[in-house]
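1. What follows is a predicted protein model with its sequence.
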Amino acid sequence: MYCLFIYESGNHAYKALRALERSGKDFEVIAIPCAISKYGCGECLKGPCDLKDMVASESINLKIPVKEIYKVSIREMKKKYERIFP
């Protein structure tokens, strides 16, 4: 299980990634899955769900707040996306 952090733009996802990497945590920028994409292609931040509060607060400090957070789980070989924020 992991979480996807959706920002206003892919540039914001990369900015958050650079800041979070300094903390030694494991994150990566990936394409937003079609199942949850509302505006076509884009990029989001992928990381551990247990760090979602840290990601949200660091993003606010960077003035690039997270728009949405999805928890991703795999059931019967299919990914299930559950929006947990807002």
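-> Good, I have the coordinates.
2. What lies in contact with whichever strand or helix holds Y81?
-> Using DSSP states H and E, Y81 falls within strand 78-85. Residues outside strand 78-85 that contact it (Cβ atoms under 8 Å, 6 or more residues apart in numbering) are 3-4, 33, 35-36, 52, 56, 66, 68-74. Using the backbone N, CA and C atoms, a C-beta is placed for each residue, glycine as well.
3. Next: stretch 38-51.
-> Contact with stretch 38-51 is made by 1-7, 9-10, 13-14, 16-17, 20, 25-32, 55, 71, as judged by Cβ under 8 Å, 6+ apart.
4. just stretch 63-74 next, same as before
-> With contact meaning Cβ under 8 Å, 6+ apart, stretch 63-74 is reached by 1-8, 12, 15-16, 36, 49, 52, 55-56, 59, 79-86.
5. Need the max-distance pair from the contacts of strand 78-85.
-> Farthest pair in the contacts of strand 78-85 (Cβ to Cβ) is A56 and I74. Separation: 24.0 Å.
6. Between the two, which is the more surrounded one?
-> Between A56 and I74, counted using other Cβ atoms under 10 Å, A56 has the larger neighbour count: 15 against 10.
7. No further questions, thank you.
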